[in-house]
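Asks: 3D, please:
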Amino acid sequence: MPPSGSSTSPSSAGFPERRLRRLRRTPALRRLVAETTLTPNDLIAPLFVREGIDEPQPISSLPGVVQFDLASLETEVGELVALGVPAVILFGVPLAKDAVGSGASDPDGIVQVALRRLRDRFGDDIVLMADLCLDEYTDHGHCGLLRPDGTVDNDSTLVRYGEAALAQAAAGVDVVAPSGMMDGQVRAIRAALDGGGHEEIAVLAYAAKYASSLYGPFRDAVDVSIVGGGDRKAYQQDYANVRESLEEIRADIAEGADMIMVKPAVTYLDVLTRARAITDLPLAAYHVSGEYSMIKAAAANGWIDGDAVALEQLTAVKRAGADAILTYFAKEAAAWLS
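Replies: Below is the predicted model of the structure:
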């Protein structure tokens with residue numbers, strides 16, 4: 001019998017009795033005790049669909065990513081389905097833009113056309129998500145309607161978001177994803193959807209979206225810039241803050257969000273972990289264009305093993321608490337993991 005106050009439990013034993021390397025000795029042992037396992041089911045593929053083209057257009061700042069035409073978009077989604085990726089999120093690149101972002105709610109807008117084609121082709125074999133914002137469609141590049149003084153009018157923008165949500169729902173979307181960071185956007189969209197008979201459509205709220213410098217390649221992909229310069233810091237969050245994000249998350253949950261998102265991912269793992277601690281709702285993280293392109297650029301120069309770094313980062317995002325990861329590596333990662 002051990003002396004009083006002593007313990008023989010392995011967790012309290014020290015070296016040499018306790019050797020933590022024992023369970024790292026072989027690949028099979030490491031797989032057996034892995035605490036976090038990344039699978040294709042964790043991935044959401046962001047896809048860009050461009051109006052007025054008949055073949056994919058490469059995006060120079062996003063190596064390996066393209067703007068799809070409608071036919072090649074169908075092919076890409078078919079390949080993602082075959083790899084076991086459960087969801088895609090669409091971003092539109094319209095031919096014409098105007099002050100109110102008409103294309104976001106036009107039944108014949110590029111995203112709505114794409115949603116109908118994908119729903120007809122794939123049925124429920126893929127979850128169809130759509131970004132819900134105005135910046136791809138406005139001629140000024142902001143995520144909302146502007147007042148005469150050039151500032152974003154939060155409340156009038158909410159009306160447009162509701163109209164866009166109804167257009168996407170009618171086209172066959174499963175999940176709308178409002179990304180504009182307007183106060184009250186989830187409540188307005190939920191009310192519009194429910195009022196239009198679309199109670200089954202889910203809302204993935206970009207709840208903690210930061211004014212990050214990592215979005216540059218994405219803006220190339222959607223051909224968006226703010227006319228006359230400027231930024232989105234008056235509505236996207238300050239990267240110095242985390243408590244503010246938790247308030248945004250709580251507000252979106254109270255307004256009816258079905259899922260929430262943290263964006264970007266790798267540089268905001270602390271936010272992701274804090275978000276996981278305050279909600280049991282499904283939690284997504286967006287591994288953004290700059291995070292992707294930095295890996296691709298370093299790998300192209302032979303500085304890192306790009307595939308290994310990508311998997312390491314995506315696993316870290318899941319380890320921090322994400323249930324789903326939006327990533328431009330979705331197709332590659334699904335193939336690696338299959």
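Asks: tell me the SS of Leu246?
Replies: Three-state assignment for Leu246 (DSSP: H, G, I helix; E, B strand; the rest coil): helix.
Asks: buried residues in the least confident helix or strand in the chain by mean pLDDT?
Replies: In the chain, the helix or strand scored least confidently by mean pLDDT, DSSP states H and E is helix 216-221, which has a mean of 91. By 16 or more other CB atoms under 10 Å, the buried positions in helix 216-221 come out as 217-221. For the C-beta atoms, the positions are set from N, CA and C on the backbone; glycine is no exception.
Asks: what are the ranges of the helices in the stretch 201-338 of the chain?
Replies: 216-221, 243-255, 269-278, 289-300, 306-319, 330-337 (DSSP state H, counting those that start in this stretch).
Asks: and of those, who's closest to Thr39?
Replies: helix 330-337 (5.9 Å; CB to CB).
Asks: so which elements touch the closest one?
Replies: strand 43-50, helix 70-83, helix 306-319 (3 or more CB pairs under 8 Å, 6 or more residues apart in numbering; DSSP states H and E).
Asks: and the residue lying closest to Pro282 once chain neighbours are set aside, bridged to which residues?
Replies: Distances taken as CB to CB, 6 or more residues apart in numbering place Met259 nearest to Pro282, at 4.3 Å, with adjacent residues excluded. Taking DSSP bridges as the rule, Met259 bridges to Leu204.
Asks: quick check: Met259 touching Tyr206?
Replies: No: Met259 lies out of contact with Tyr206 (CB atoms under 8 Å); the separation is 10.3 Å.
Asks: the two: which is more packed in?
Replies: Comparing Met259 with Tyr206 by neighbour count (other CB atoms under 10 Å), the higher total belongs to Tyr206, at 25 against 21.
Asks: tally up the residues packed near the residue lying closest to that one once chain neighbours are set aside, please.
Replies: Of all residues not flanking Tyr206 in the chain, Ser179 sits nearest, at 4.2 Å (CB to CB, 6+ apart). Using other CB under 10 Å, Ser179 has 22 other residues around it.
Asks: what does Tyr235 give?
Replies: Quick note: Tyr235 (other CB under 10 Å) scores 19 neighbours.
Asks: measure the residue lying closest to it once chain neighbours are set aside to Ile226 for me?
Replies: In space, and not counting its chain neighbours, Tyr235 is closest to Met181: 4.5 Å by CB to CB, 6+ apart. Plainly put, Met181 is 15 Å away from Ile226 if you go by CB to CB, to the nearest Å.
Asks: the two - which one has more neighbours?
Replies: Using other CB under 10 Å as the criterion, Met181 and Ile226 rank with Met181 on top: 25 against 15.
Asks: tell me who's in contact with the closest residue to Asp231 other than its chain neighbours.
Replies: Leaving aside its chain neighbours, Asp231 sits nearest to Ala211 (6.6 Å; criterion: CB to CB, 6+ apart). Contacts of Ala211 were listed using CB atoms under 8 Å, 6 or more residues apart in numbering, and they are 231-233, 236-239.
Asks: pick the one among those residues closest to Ser293.
Replies: Tyr239 (18.6 Å).
Asks: what pLDDT does the residue nearest to the closest one when sequence neighbours are not counted get?
Replies: Leaving aside its sequence neighbours, Tyr239 sits nearest to Tyr210 (CB to CB, 6+ apart; 4.9 Å). At Tyr210, the pLDDT value in this model is 96.
Asks: Pro2 now?
Replies: At Pro2, pLDDT is 49.
Asks: picking that back up, wait, isn't the residue nearest to Tyr235 in contact with Gln237?
Replies: Yes: using CB under 8 Å, Met181 is in contact with Gln237, at 7.2 Å.
Asks: need the overlap of contacts for the two.
Replies: Lys209.
Asks: in stretch 72-85, what's buried?
Replies: 72-74, 76-77, 80, 83, 85.
Asks: correction: stretch 223-231
Replies: Val224.
Asks: what's the span of it from first residue to last?
Replies: 15 Å (CA to CA, to the nearest Å).
Asks: quick check: mean pLDDT of that stretch?
Replies: Over the span of stretch 223-231, the pLDDT mean works out to 82.
Asks: residues in contact with that stretch?
Replies: So stretch 223-231 is contacted by 93, 135-136, 139-142, 211, 219, 232 (CB under 8 Å, 6+ apart).
Asks: what of stretch 296-308?
Replies: 62-64, 295, 309, 332, 336.
Asks: just stretch 197-208 next, same as before
Replies: 129, 165-166, 169-170, 173-181, 185-186, 189-190, 193, 237, 245, 248-249, 251-253, 256-263, 268, 271, 275, 284, 286.
Asks: which of those residues are buried? Put it as a PyMOL command.
Replies: Filtering the contacts of stretch 197-208 down to the buried ones (16+ other CB under 10 Å) takes a single PyMOL command:
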select buried, resi 129+165+166+169+173+174+175+176+177+178+179+180+181+185+186+189+190+193+237+245+248+249+251+252+253+256+257+258+259+260+261+262+263+268+271+275+284+286
